[in-house]
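Chemist: got a predicted structure plus its sequence, pasted below:
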Amino acid sequence: MRFLSFRKIAFILLFTLLTLVASRINFSQLVGSTAQYFTFFQFFGPIAGAFLGPAGGVASVLFAQLIDFFATGKAIEPINILRLLPMLFAAVYFAVFLKKGSIAKASVAIPIVCIALFVLHPIGAQAWYYSLFWTIPIIAKVFSKRLFLRSLGATFTAHAVGSVIWAWSVPMTAEQWAMLVPVTATERVLFALGISVSFLVFNNVLAWVEAKAKTGVLLTEQDYLLQPAMQLQKK
């Protein structure tokens, strides 16, 4: 019953609504495709795991993406189905960033596996330097607890999974991967800033809701509460 509480369902529905809106606002086109885009969903997608835990976050992100998938009439093709995966891994990374244990270790293993899969591809081997982006989630996890680096690690985790899927399914040249280096750096910094801001907003709003409702279901992080919210929670 705690898992199916009204406020947890309300959060999932709100998250789904935001996903439906944000997924319709294109941000940038994927190189190698004329019909695939990054959308504004990239600016907040991973944060669900912070409030619902890894399993709940993944379920929430998957549910929101599936609703958008069928609502927009996307073709049931392998590439479209596989494109659901990057944000799921990003949600897990964001959720377990401050934790220890097997799941936290597994979240760091994902970019390592992606690096290996990328350089095993004939073109990826020529553009091996591109996979160095995916050391960022590892470095962030090991050396920092800052929110921006947490967000950067999450968005680059999504990027790692998505890029490997793209490399093995969409023909690209080593030159195209090289051209993507500055584009990727700019996009991911912007995504990380959006994730950080989205998390701060949600964290404070949900803390206020929790302080009023006292459900004990929605998780919030005390270190990122504004002073009024912190005072409210202490009452």
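Modeler: Done, it's in. These numbers come from a predicted model, not from an experiment.
Chemist: how about low-confidence regions in the chain?
Modeler: Applying pLDDT under 70 to the chain flags residues 1-7, 26-38, 209-220, 227-235.
Chemist: show me where it has its strands.
Modeler: For the chain, the strands defined by DSSP state E cover 26-29, 37-39.
Chemist: state the distance from Leu20 to Ala127.
Modeler: 35 Å (CB to CB, to the nearest Å). Quick note: C-beta positions are derived from backbone N, CA and C, even for glycine.
Chemist: who has more neighbours out of these two?
Modeler: When Leu20 and Ala127 are compared for neighbours, Ala127 comes out ahead with 21 against 16, by other CB atoms under 10 Å.
Chemist: wait, isn't that one in contact with Met179?
Modeler: No. Applying CB atoms under 8 Å as the test, Ala127 and Met179 come out as separate, 10.0 Å apart.
Chemist: what sits closest to Ile112 if chain neighbours are left out?
Modeler: Once flanking residues are discounted, Ile112 sits nearest to Ile138: 7.0 Å by CB to CB, 6 or more residues apart in numbering.
Chemist: any idea how far Ser198 is from that neighbour?
Modeler: Noted for Ile138: a distance of 23 Å to Ser198, by CB to CB.
Chemist: and what of Ser169?
Modeler: Distance of Ser169 to Ser198, given as CB to CB: 29 Å.
Chemist: who's more crowded, those two?
Modeler: For Ser169 versus Ser198, neighbours defined as other CB under 10 Å are more numerous around Ser198 (17 against 13).
Chemist: list the residues that contact that one.
Modeler: Phe43, Phe44, Ile47 (CB atoms under 8 Å, 6 or more residues apart in numbering).
Chemist: so which of these is the most crowded?
Modeler: The most crowded member of the contacts of Ser198 is Ile47, carrying 28 neighbours; neighbours defined as other CB under 10 Å.
Chemist: how close does that residue sit to Ala104?
Modeler: Relative to Ala104, and taking CB to CB, Ile47 is found at 17 Å.
Chemist: you'd agree Ala22 is up against Asp68?
Modeler: No. Counting by CB under 8 Å, Ala22 stays clear of Asp68, with 9.1 Å between them.
Chemist: which neighbours do these two share?
Modeler: Common contacts of Ala22 and Asp68, defined by CB under 8 Å, 6+ apart, are absent altogether.
Chemist: so for the biggest helix by length in the chain, what gets flagged as buried?
Modeler: Scanning the chain for the helix with the most residues, using DSSP state H, yields helix 174-213. For helix 174-213, a neighbour-count test (16 or more other CB atoms under 10 Å) marks 174, 177, 180, 184, 187-188, 191-192, 194-196, 198-200, 202-204, 206-211 as buried.
Chemist: try stretch 164-175
Modeler: Under the neighbour-count criterion of 16+ other CB under 10 Å, stretch 164-175 has Val164, Ile165, Trp166, Ala167, Met172, Ala174 buried.
Chemist: return the distance of the nearest residue to Ser144 once chain neighbours are set aside relative to Ser107.
Modeler: Spatial nearest neighbour of Ser144, excluding adjacent residues (CB to CB, 6+ apart): Arg150 at 7.9 Å. Between Arg150 and Ser107 the distance is 11 Å, computed by CB to CB.
Chemist: cool, and Thr39?
Modeler: The gap separating Thr39 from Ser107 is 24 Å, by CB to CB.
Chemist: and the furthest pair within the buried residues of stretch 164-175?
Modeler: Ile165 and Ala174 (18.0 Å; CB to CB).
Chemist: re earlier: save the buried residues of stretch 164-175 as CSV, and put in distance to Ile112 too.
Modeler: Below are the buried residues of stretch 164-175 laid out as CSV (distance: CB to CB, whole Å):
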residue, distance to Ile112
Val164, 12
Ile165, 16
Trp166, 18
Ala167, 16
Met172, 22
Ala174, 22
